[in-house]
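**Student:** the sequence and its predicted three-dimensional model are supplied below.
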Amino acid sequence: MENKEKAAHIQKKMYDKDWFSQWLGIECIDSGAGYSKLKMVVRKEMLNGFGIAHGGITYSLADSALAFASNSHGRMAVSIETSISHTESLVEGDIIIAEAEELSLSNKIGVYQIKVSKPDHKVVALFKGTVYRTSKEWFPGSSTNPIKN
């Protein structure tokens, strides 16, 4: 199975049981080995008391992008540290895109940078995530691990 096809298959398998990402209305734009690009629309129920998107909305979109990108190699991975910087506010109807890119990958640790932006490429948040790569595989018995122990 090719890397891009494998990543898409894993992402779909994860998304099918990810009720929160589904509630957010997240849509996959692209995926690949160590990469994920997601899109969603800010809805009224996502706004805080200031009438702008709650910070947890961009955080959650970026966290989903992290999950899909870090699991794309075929090994199950879970976040162990994350942080976000919000650079612009969002309002109802805004479309936001999260693009996760792998910065570093070892046998046990992966580090990712996720940029959340509007379609005009204006950055609204920067997210960094570190994941722990378990020994469990998404497809046991297949050769999905690019890094040998």
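**Tutor:** Cool, the structure landed. Numbers count the residues shown, from 1 in each chain.
**Student:** now do the strands in the chain.
**Tutor:** All strands of the chain, identified by DSSP state E, fall at 27-32, 35-41, 75-86, 95-105, 109-117, 123-137.
**Student:** wouldn't Val116 be in contact with Gly55 here?
**Tutor:** No. The criterion here is CB atoms under 8 Å, and Val116 misses it with Gly55 at 11.0 Å. Bear in mind the C-beta positions are built from the backbone N, C-alpha and C, glycine included.
**Student:** those two - which one has more neighbours?
**Tutor:** Val116 (27 against 14; other CB atoms under 10 Å).
**Student:** that one: what's it in contact with?
**Tutor:** Taking CB atoms under 8 Å, 6 or more residues apart in numbering, we find Val116 in contact with 58, 61-62, 96-98, 123-127.
**Student:** okay, the residue positioned nearest the centre of the chain: pLDDT?
**Tutor:** Centroid-nearest residue in the chain: Ala65, 0.7 Å away (criterion: CA atoms, centre = their mean). For Ala65, the model assigns a pLDDT of 98.
**Student:** shouldn't it be in contact with Lys39?
**Tutor:** No. Using CB under 8 Å, Ala65 is not in contact with Lys39, being 10.1 Å away.
**Student:** need the overlap of contacts for the two.
**Tutor:** Common neighbours of Ala65 and Lys39, using CB under 8 Å, 6+ apart, are Ala98.
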